[in-house]
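**Q** One predicted model, sequence on top.
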Amino acid sequence: MTDDFPKSTVLGYPRIGPQRELKRALEGYWAGRIDRDALAATGRQLRAETWRRLAELGLEGLPSNTFSLYDHVLDAAVAVDAVPDRFRDAADPYFAMARGTDDVPALRMTKWFDTNYHYIVPEIGPKTRFRPVPDKMLDEVHEARTLGHETRPVLVGPVTFLHGHLGRLDDLLDVYGELLRSLADAGVEWVQLDEPVAVVDGGAPAIRHAYRRLAALQRRPKLLVASYFGRAEDALPALAVAPVDGVAIDLTHGVPENLQLFAGRTIVGGVVSGRNVWRTDFDAARALLAAAGATSVSTSCSLLHVPYTLRGESGLPDGLAFAEEKVAEVVALAALGSKPGPLPTRPLPTRALDMDTRRPYAERVAAQADLGLPPLPVTTIGSFPQTGELRKARTSLSQASAGQSQTPPGHGSFGQAEYEARIEAEIARVIGEQEALGLDVLVHGEPERNDMVQYFAEHLDGFAVSRNGWVQSYGSRCTRPPILHGDVRRRGPITVRWAKFAQSLTARPVKGMLTGPVTIVAWSFVRPDRALPDVTLQVAEAVREEVRDLEAAGIRIIQVDEPALRELLPLDRRRQEEYLQWAVAAYRRATGGAADGTQIHTHLCYSEASAVLEAIDALDADVTSIEAARSGFAITAFARGIGPGVYDIHSPRIPDRDEIAGRLRAALRVIPAERLWVNPDCGLKTRTYDEVRAALANVVAAAHAARESLT
């Protein structure tokens, strides 16, 4: 039996910095304000602080190589030198792959399994050359040692890394063998290989083959294979036949019956959830550890998906635990040990969701004809750049509301009236910019919103919002997921004030912009005893009321975004149909009361939408916009309006007119012009006005040229 593995550990930790230090350093580097050495120094400082704090909390097993300047999957690609040739001559190939350059588009980006974390998809082909580049892993091992810490390097496993390209598995395994030998030569005792793909159907043969080869290596560290986001029951027998030294299993989904196959080996029990912010039920966790025969206690997955700490927070509901508090729970559970008892049960849906039905699409199109839209109408997804002045205005209003304003008495104050005047001025600017560019359907730009989910949570009962609970979404992009702890109700109109004002400034239609019920729930931390279908229906009722009020205010086009529809799809195929039924029903509850003459739009992005096309169709939106510029989404025939994105807004690169025109030509081969929309991939919040003007000007020019070609 392998009994030298630490009794307490975590599979990974947040890396953006408690005060988003990495975000500021990254954006400073990209803007040319700091150099690569200064960026690297920020990384070293954050790693040192993480190891120090984990050790201070009493954690025995410290991970390394979980820190990343952008994305851990991109880091794995660099570790095996899977760098496409077109990026090798870039000034900084790493960030060129992540963000693109003026001449070369970035690599594809999509969601990490069923999370809201976005990763860079490696580009693997028959000619991809693999070569071991262990520098980053070894540097972090030595870096930790100089600080007095022994660590367990973590690397994306070969089967997960190659998911979809398993024909190259043997070539990659040769390189992984070299990486493992390098770590063994450096005196590393354990290495963690993450294989979340083990919870997805069909991966067992590749896992069996990969770990038979890796475990048979004569010189290697001990192998801990980590599976998470599900039970991995199908893959465990395949992994058990390989002489790996230990497995880390996500027990928050229950105990796999065949985990007994690993008796006598290290079993790391992931009983502290890395996906929510609620305290662990110690009795239930100890029962899970006992049933699993766990020899060590851990988090279910990396703590990358939760904020750093509750320290400094106030006004939040009881019963919470962020990353630091979860580490303390792991340490405490390891000290208590397992204890037989009843296993926990998961909440079940408690009500059936009826499917709202609007009149047939053809009848709605006829009722919407008076909108007067041209062929290939050009629009955007919703948000426009968030300037520093806007962020400062929101901060000032928040401080004034909380009595924390730094303005001395008698020297003026920042109140609601001044704030609203600034928002109106920004909306007027956004409307003017769009009219000047020649867009057909306008947006108000969302200057009043901090985040597409947080903003609605702040206006709904049942939610709480943290002060500093930032979670990395991708690169330097962070969000503060709301905490859904009670019954959800709308207190009053949320968006009507700004949509109505924007429409008063122009004769062109302005879209009302709402976030859909599935996405609001998916991007919140939901109390574990609340059944997702129930709380999603409550949110859907609130959105339905907002749709009604927008219509009453004269808004004829309303976009209800559901970018998380694919994200929440269970990895276990046996549960997918049930999820899709209630998710679609919730969306149709939110939008089903709209009049025939109201055009309902929805939007999905960076989530492999092709996997749920039937569900997207079932949403019954009049127009659906889908990310396509970076992913290369295969556009297929679609029964209603569709806008495959032609501009990748997650890169600073400006697409030229010919590039956009090529995408439109490809779309027109399968989508009739009367149903094809032209739009960016996503909202423009993270871009600058200079970038937006240049890109949208090219989008409009390409759309106008395509219109002319139709005649």
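**A** Arrived safely.
**Q** Specify the local secondary structure of the spatially most central residue of the chain.
**A** Ranked by distance to the mean C-alpha position of the chain (CA atoms, centre = their mean), the top residue is Asn116 at 2.1 Å. Classification of Asn116 using DSSP: H, G, I helix; E, B strand; the rest coil returns coil.
**Q** What of the one 3 residues further on?
**A** Secondary structure state of Tyr119, per three-state DSSP, is strand.
**Q** That one against Trp112, yeah?
**A** Yes. In this structure Tyr119 lies within contact range of Trp112 using CB atoms under 8 Å: 4.8 Å. For every residue, glycine as well, the C-beta is placed using N, CA and C.
**Q** Same drill for those two, tell me which one is more crowded.
**A** Using other CB atoms under 10 Å as the criterion, Tyr119 and Trp112 rank with Tyr119 on top: 23 against 20.
**Q** Now list whatever residues contact both of Tyr119 and Trp112.
**A** Val73 (CB atoms under 8 Å, 6 or more residues apart in numbering).
**Q** Starting from Thr624, give me the distance back to the residue nearest to the centre of the chain.
**A** 20 Å (CB to CB, to the nearest Å).
**Q** beta partners of Leu193?
**A** Leu155, Val225 (DSSP bridges).
**Q** give me the number of residues near it?
**A** Under the neighbour criterion other CB under 10 Å, Leu193 is assigned a count of 24.
**Q** do the same with Glu674
**A** Residues contacting Glu674 under the criterion other CB under 10 Å number 11.
**Q** Contacts only, for it.
**A** Applying CB under 8 Å, 6+ apart to Glu674 gives the contacts Pro375.
**Q** pLDDT wise, what is it at?
**A** With respect to pLDDT, Glu674 has a value of 93.
**Q** Equivalent analysis for Thr686, please.
**A** Checking the pLDDT column for Thr686, the value is 88.
**Q** how close does it sit to Leu537?
**A** Distance, Thr686 to Leu537, using CB to CB: 32 Å.
**Q** Those two: which has the busier surroundings?
**A** Set side by side, Thr686 and Leu537 give different neighbour counts by other CB under 10 Å, the larger being at Leu537 (23 against 16).
**Q** Now do the same for the strand or helix carrying the more buried one: mean pLDDT, whole number.
**A** Taking DSSP states H and E as the criterion, the element that holds Leu537 is helix 532-552. Along helix 532-552, the predicted local confidence has a mean pLDDT of 97.
**Q** Where does the prediction get shaky in the stretch 201-350 of the chain?
**A** In the predicted model, the stretch 201-350 of the chain carries pLDDT under 70 at residues 346-350.
**Q** residue ranges for the helices of it, please.
**A** Taking DSSP state H, counting those that start in this stretch, the helices of the stretch 201-350 of the chain run over residues 204-215, 236-240, 282-292, 323-336.
**Q** Now that we have these, can you turn them into CSV and tack on mean neighbour count and distance to Gly432?
**A** Conversion of these to CSV gives the following (neighbours: other CB atoms under 10 Å; distance: least, CB to CB, whole Å):
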stretch, mean neighbour count, distance to Gly432
helix 204-215, 20, 55
helix 236-240, 20, 60
helix 282-292, 20, 57
helix 323-336, 21, 44
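**Q** With distance to Val78 added, can I get these in TSV?
**A** Listed next are these as TSV, based on distance: least, CB to CB, whole Å:
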stretch	distance to Val78
helix 204-215	20
helix 236-240	26
helix 282-292	35
helix 323-336	26
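**Q** of all the ones you listed, which lies closest to Pro134?
**A** Across those, the minimum distance to Pro134, taken as CB to CB, is reached by helix 204-215, at 15.0 Å.
**Q** residues in contact with the closest one?
**A** The set of residues external to helix 204-215 that reach it, using CB under 8 Å, 6+ apart, is 157-159, 162, 166, 169-170, 173, 176-177, 180, 193, 195, 197-198, 220, 223, 225, 234-235, 237-239, 241-245.
**Q** Only whichever of these are buried, select them in PyMOL.
**A** Applying 16 or more other CB atoms under 10 Å to these, the buried members can be selected in PyMOL as follows:
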select buried, resi 157+158+159+162+166+169+173+176+177+180+193+195+197+198+220+223+225+234+235+238+239+242+244+245
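**Q** when you check the contacts of helix 204-215 against the strands, which ones overlap?
**A** Taking DSSP state E, the ones among the contacts of helix 204-215 that sit in strands are 193, 223, 225.
**Q** Quick check: of the residues you listed, which lies closest to Glu446?
**A** Leu193 (41.5 Å).
**Q** from what I can see that closest one touches Pro153, true?
**A** No. Using CB under 8 Å, Leu193 is not in contact with Pro153, being 9.6 Å away.
**Q** OK, contacts around the residue nearest to Trp523 when sequence neighbours are not counted?
**A** With sequence-adjacent residues excluded and distances taken as CB to CB, 6 or more residues apart in numbering, Trp523 is closest to Val453, at 4.5 Å. Val453 makes contact with 479, 481-482, 515, 519-520, 523-524 under the criterion CB under 8 Å, 6+ apart.
**Q** can you put those residues in a markdown table and add secondary structure and pLDDT?
**A** Supplementary listing: the contacts of Val453 in a markdown table, determined by DSSP: H, G, I helix; E, B strand; the rest coil; pLDDT from 0 to 100:
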| residue | secondary structure | pLDDT |
| --- | --- | --- |
| Thr479 | strand | 95 |
| Pro481 | coil | 97 |
| Pro482 | coil | 97 |
| Thr515 | strand | 97 |
| Thr519 | helix | 96 |
| Ile520 | helix | 98 |
| Trp523 | coil | 96 |
| Ser524 | coil | 97 |
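**Q** So Cys478, which state does it fall into?
**A** For Cys478, the assignment made with three-state DSSP gives strand.
**Q** what residues are up against it?
**A** When the contact criterion is CB under 8 Å, 6+ apart, the partners of Cys478 are 16, 20, 23, 470-472.
**Q** Distance check, the closest residue to Ala96 other than its chain neighbours against Asp185.
**A** Leaving aside its chain neighbours, Ala96 sits nearest to Ala90 (3.7 Å; criterion: CB to CB, 6+ apart). Computed with CB to CB, the distance linking Ala90 and Asp185 is 31 Å.
**Q** who has more neighbours, the two?
**A** Per other CB under 10 Å, whichever of Ala90 and Asp185 has more neighbours is Ala90, with 16 against 11.
**Q** Please verify my assumption that that one contacts Asp102.
**A** No. Using CB under 8 Å as the test, Ala90 is too far from Asp102 to be in contact (10.1 Å).
**Q** one step back: quick one: list the elements packing against the helix holding Leu537.
**A** strand 460-464, strand 483-490, helix 496-503, strand 511-515, helix 517-522, strand 557-561, helix 576-591 (3 or more CB pairs under 8 Å, 6 or more residues apart in numbering; DSSP states H and E).
**Q** Phi first, then psi, for the closest residue to Arg467 other than its chain neighbours.
**A** Of all residues beyond its chain neighbours, the one nearest Arg467 is Glu313 (5.7 Å), with distances taken as CB to CB, 6+ apart. As for Glu313, its main-chain torsions (degrees, to the nearest 10) stand at phi -90, psi 150.
**Q** With Leu676 instead?
**A** With angles defined as degrees, to the nearest 10, Leu676 shows backbone torsions of phi -100, psi 130.
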